[in-house]
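Student: Return atomic coordinates for the entry below.
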Amino acid sequence: MSRIGRLPIDIPAGVSVTISGQNVAVKGPKGELALVIANPIQATVEENQVLVTRPDDERASRSLHGLTRTLIANQIIGVTQGYSKGLEIVGTGYRVAQKGNSLEFALGFSHPVTVDAPEGITFTVEGNTKLTVAGIDKQAVGEVAANIRKIKKPEPYKGKGIRYAGEVVRRKAGKAGK
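Tutor: Numbering: from 1, shown residues only. Here you go, the predicted model:
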């Protein structure tokens, strides 16, 4: 039995979980999220808890059991607390500015790079080198942060680029002098 999959998910006050067939809808103070569960897995609501069960011990069922439980738990955390990912910009002249609900990056290219906020994602800029991506959907927050980082990845010689907050960039020595 999956150790993660068999754990019940507590439903906090102010959150409602509705399950109809394979569709799970989670509604909370920060918003509403929906999920379609893979076919052999079943979810039920009992006494302020969500229980995820699997019908058999097939390989596919075992792999989906813990995943489904974690996805539902992430949705409940998302509608109550939300998720955020911090990014830092390192490099001389590299900066970010917020223009409405989009970001404008100056990263040493010949042109500024503009990133628009997708639905449900908010950007916060502190200073001109730190920014935060926030939202209720964990997957969307991580994907937007990864796409922003992809614009200019941190390079190993000087460490310049966009990195996650707290990310350690492994540095290389470079060319040896004469």
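
Student: residue boundaries of the strands in the chain?
Tutor: 9-10, 16-20, 23-28, 31-36, 42-45, 49-53, 83-90, 95-99, 102-106, 113-116, 121-126, 130-135, 161-164 (DSSP state E).

Student: what comes up buried for the longest helix seen in the chain?
Tutor: Of all the segments of type helix in the chain, defined by DSSP state H, the longest one is helix 59-80. For helix 59-80, the neighbour count (16 or more other CB atoms under 10 Å) marks 61, 64-80 as buried. Using the backbone N, CA and C atoms, a C-beta is placed for each residue, glycine as well.

Student: same thing with stretch 98-110?
Tutor: With the criterion 16+ other CB under 10 Å, stretch 98-110 contains buried residues Leu103, Phe105, Ala106, Leu107.

Student: Low-confidence stretches in the protein?
Tutor: 1-2, 178 (pLDDT under 70).

Student: about what we covered before: which other helices and strands contact the longest helix of the chain?
Tutor: Counting contacts by 3 or more CB pairs under 8 Å, 6 or more residues apart in numbering; DSSP states H and E, helix 59-80 is packed against strand 9-10, strand 23-28, strand 31-36, strand 49-53, helix 138-151.

Student: quick check: angle from that helix to strand 130-135?
Tutor: Inter-element angle recorded for helix 59-80 and strand 130-135: 110 degrees (by axes from the mean of the first three to the mean of the last three CA atoms, to 10 degrees).

Student: Which residues does helix 59-80 contact?
Tutor: By CB atoms under 8 Å, 6 or more residues apart in numbering, the residues outside helix 59-80 that reach it are 2-7, 9, 11-12, 14-15, 17, 24, 26-33, 35, 37-38, 40-41, 43, 50, 52, 54-55, 83, 135-138.

Student: just to revisit the earlier point, could you dump the buried residues of stretch 98-110 to JSON lines with distance to Ala145?
Tutor: As requested, the buried residues of stretch 98-110 are arranged in JSON lines below (distance: CB to CB, whole Å):
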{"residue": "Leu103", "distance to Ala145": "12"}
{"residue": "Phe105", "distance to Ala145": "14"}
{"residue": "Ala106", "distance to Ala145": "19"}
{"residue": "Leu107", "distance to Ala145": "16"}
